[in-house]
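Visitor: Could you look at this predicted model? Sequence included:
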Amino acid sequence: MFNRKNKKIDQEIFPLILENISDCIVVTDQEGMILYANRALEKTTGFKVKEVLGKKAGSNQLWGGLMDKKFYEHLWQTVKVRKIAFAAELENKRKNGEKYDALLRISPVLDTTRRIKYFISVEKDITQEKAIDRSKTEFVSLASHQLRTPLSAINWYAEMMLNGDIGGVNKELKEYLKEIYDGNQRMIELVNDLLNVSRVDLGTIEINIEKVDVVELAEDVLGDLAPKIKLKNVKLIKDYDARLKPIKSDAKFLRIIFQNLLSNAVKYNRDQGKVYLTIAQKGLKLFIEIRDTGMGIPQHQQHKIFTRLFRADNAKEKVTEGSGLGLYLIKLAVEKGGGKIWFDSQEGKGTAFFIELPIDGWAKAAKKQEKNKHN
């Protein structure tokens, strides 16, 4: 511990610590003018400390200014008005013009009357980490794409044999063929999930805007799930907003949402359980609720539910098949459209997922994607 009684020791040690921390630390006044920066500033941004003192932090004259206006408005609203810490990933540029990815955290320093005295920002260069992550994602995308062709061929031949298109098969052989077909279907689902996740992560998934009847799309997904619903004797209770008209959206993303959530609601439900599906329009937002009477999510694992490859212990115990990518993919899709997803769950009683999406969310994302293509 530091000797709080010996101010001289503190005055020697604290500057040494700050100067030798590998992350870039900047202190500004209430208006964002730079008062102090440690040595890591030059390594991260290329600017010398003496070049930035007295200048506005985050401006495009220094190493910032690359994010959109809303980002900086939200930043200042958080630290200056709400007076709480702000954290985000962003893109900055070095003195030589080279762009880099950074993890930024800004905290306000308040006096005893809660007036802001200073702002302290800590910035970590995560360019290399992001590049490694991108390489992994690109590998998954490539591998998944290559796997689709042989899997499709297996699927086609197995289906032909099951249907008797190449001659009759006996009962025992038909059972083996059915196992091959079902296992291959699970592999195709996994590969499609991996491919979709990698495309969204990489930003290469195309957003295609068209008029979509959301209720009709949900009914189509329920039709695909009909055999599983019948097998478990699950009762469907549907509540569709009569005022909801077709919207301009991306059918692919909506299908991902309905397929994964409804499939989970059936798969992890109890026999003769219930699934409640609500689709409504609230102002300029689309609201979706999917509720089941199944096993629920253990309380101690609920914070992990949207993370990649995660499956709750009780889910793995009851249903061995599953990639742990469905909910992660849904969250990516929802956030792509400017929406939000949350849930309420009680183990042994069931789970409800709620989604709120701006009606024009994916249309705006499509315009942004198109704009980025031309830049």
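Guide: Alright, I've got the coordinates.
Visitor: which regions of this structure sit below the pLDDT cut-off?
Guide: 1-11, 137, 140-141, 202-204, 320, 370-375 (pLDDT under 70).
Visitor: Strands along this structure, start to end?
Guide: With strands called from DSSP state E, the chain shows them at 24-28, 34-37, 86-93, 99-110, 116-125, 210-212, 235-240, 247-249, 274-282, 285-292, 340-346, 350-358.
Visitor: tell me which residues in stretch 36-54 are buried?
Guide: 36-42, 44-47, 51-52 (16 or more other C-beta atoms under 10 Å). C-beta: built from backbone N, CA, C; applies to glycine.
Visitor: re earlier: can you tell me which of the strands of the chain comes nearest to Leu142?
Guide: Among those, strand 99-110 comes nearest to Leu142, with 22.5 Å by C-beta to C-beta.
Visitor: That closest one packs against which elements?
Guide: Other elements packing on strand 99-110 under the criterion 3 or more C-beta pairs under 8 Å, 6 or more residues apart in numbering; DSSP states H and E are strand 86-93, strand 116-125, helix 127-162.
Visitor: Show me how the record splits this protein into domains.
Guide: By the assignment in automatic domain parsing, the chain contains the domains 7-125, 130-204, 210-367.
Visitor: Highest mean neighbour count out of those domains?
Guide: Greatest average neighbour count among the domains of the chain goes to domain 210-367 (a mean of 17), per mean count of other C-beta atoms under 10 Å.
Visitor: what's Val215 in contact with, if anything?
Guide: Listed by C-beta atoms under 8 Å, 6 or more residues apart in numbering, the contact set of Val215 reads 240, 244, 279.
Visitor: before we move on, back to that, pipe the strands of the chain into TSV and attach distance to Asn264 per row.
Guide: What follows is the strands of the chain, written out as TSV (distance: least, C-beta to C-beta, whole Å):
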stretch	distance to Asn264
strand 24-28	43
strand 34-37	49
strand 86-93	29
strand 99-110	32
strand 116-125	36
strand 210-212	22
strand 235-240	14
strand 247-249	22
strand 274-282	10
strand 285-292	8
strand 340-346	11
strand 350-358	8
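Visitor: So which of those is nearest Ala366?
Guide: Nearest to Ala366 among the strands of the chain is strand 247-249; the distance by C-beta to C-beta comes to 9.4 Å.
Visitor: The closest one packs against which elements?
Guide: Using 3+ C-beta pairs under 8 Å, 6+ apart: strand 247-249 touches strand 210-212, helix 361-374.
Visitor: Could you point out which of these sits nearest Asp125?
Guide: Of all the helices and strands packed on strand 247-249, it is helix 361-374 that lies closest to Asp125, at 23.1 Å by C-beta to C-beta.
Visitor: ok, back up a step: reformat the contacts of Val215 as a markdown table; add distance to Leu194.
Guide: What follows is the contacts of Val215, written out as a markdown table (distance: C-beta to C-beta, whole Å):
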| residue | distance to Leu194 |
| --- | --- |
| Tyr240 | 32 |
| Leu244 | 33 |
| Ile279 | 28 |
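Visitor: Out of these, flag the one nearest to Arg134.
Guide: Ile279 (35.7 Å).
Visitor: for the closest residue to that closest one other than its chain neighbours, what are its contacts?
Guide: Spatial nearest neighbour of Ile279, excluding adjacent residues (C-beta to C-beta, 6 or more residues apart in numbering): Tyr240 at 5.3 Å. Shown in contact with Tyr240 (C-beta under 8 Å, 6+ apart): 215, 278-280.
Visitor: give me that answer again for 10 Å
Guide: 214-215, 218-219, 277-280 (C-beta atoms under 10 Å, 6 or more residues apart in numbering).
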